[in-house]
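*Asks:* could you work out the structure for the sequence below:
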Amino acid sequence: MLTRKEFLQYIALLAGGAYATGCRTPGAYDHIGGSIPGASVAAGHRLRDGLSVTPSKTIRTGVFIAATSTQAERT
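*Replies:* Predicted structure coming up:
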């Protein structure tokens, strides 16, 4: 019978092996290329750190419906 410590070591070994192999067949997704267009480290850091932008105007309303220009053109 395994002790609790031995069981946890065994599970850690299995999890480490799965992590190391990426849980997939090597080369299975190598044919899929791509990138994130417009990726910006500076913009990401601003989002992460919190933007210090204040609105120029505040309007209180009961209901607000927003639409993009393409949505507005269809109606």
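*Asks:* neighbours of Arg46, just the number please.
*Replies:* 13 (other C-beta atoms under 10 Å). Where you see a C-beta, it was placed from the backbone N, CA and C, and this is true even at glycine.
*Asks:* which secondary structure element contains it?
*Replies:* With secondary structure defined by DSSP states H and E, Arg46 is part of helix 41-49.
*Asks:* and that helix, average pLDDT?
*Replies:* For helix 41-49, mean pLDDT is 83.
*Asks:* so which strand or helix has Met7?
*Replies:* Let me fix one detail, which is that residue 7 is Phe and not Met. helix 4-21.
*Asks:* which residues sit against that helix?
*Replies:* The contact list for helix 4-21 (C-beta atoms under 8 Å, 6 or more residues apart in numbering) reads Leu2.
*Asks:* starting at the chain centroid, how far to that helix?
*Replies:* Between the centre of helix 4-21 and the centre of its chain there are 26 Å (C-alpha atoms, centre = their mean, to the nearest Å).
*Asks:* what residues sit buried inside that helix?
*Replies:* For helix 4-21, the neighbour count (16 or more other C-beta atoms under 10 Å) marks no residue as buried.
*Asks:* let's see that helix as PDB, backbone CA atoms only.
*Replies:* Output of helix 4-21 as PDB, limited to C-alpha atoms (Å, rounded to 0.1, in the frame of the first residue of the first chain):
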ATOM      1  CA  ARG A   4       0.300   9.500   1.200                       C
ATOM      2  CA  LYS A   5       3.700  10.900   0.600                       C
ATOM      3  CA  GLU A   6       4.600   8.200  -2.000                       C
ATOM      4  CA  PHE A   7       1.200   8.800  -3.700                       C
ATOM      5  CA  LEU A   8       1.800  12.500  -4.000                       C
ATOM      6  CA  GLN A   9       5.300  12.000  -5.300                       C
ATOM      7  CA  TYR A  10       3.900   9.600  -7.900                       C
ATOM      8  CA  ILE A  11       1.200  12.100  -9.000                       C
ATOM      9  CA  ALA A  12       3.800  14.900  -9.100                       C
ATOM     10  CA  LEU A  13       6.000  12.800 -11.400                       C
ATOM     11  CA  LEU A  14       3.100  12.000 -13.700                       C
ATOM     12  CA  ALA A  15       2.000  15.700 -13.800                       C
ATOM     13  CA  GLY A  16       5.600  16.800 -14.500                       C
ATOM     14  CA  GLY A  17       5.900  14.400 -17.300                       C
ATOM     15  CA  ALA A  18       2.600  15.600 -18.900                       C
ATOM     16  CA  TYR A  19       3.700  19.200 -18.500                       C
ATOM     17  CA  ALA A  20       7.100  18.500 -20.000                       C
ATOM     18  CA  THR A  21       5.600  16.900 -23.100                       C
END
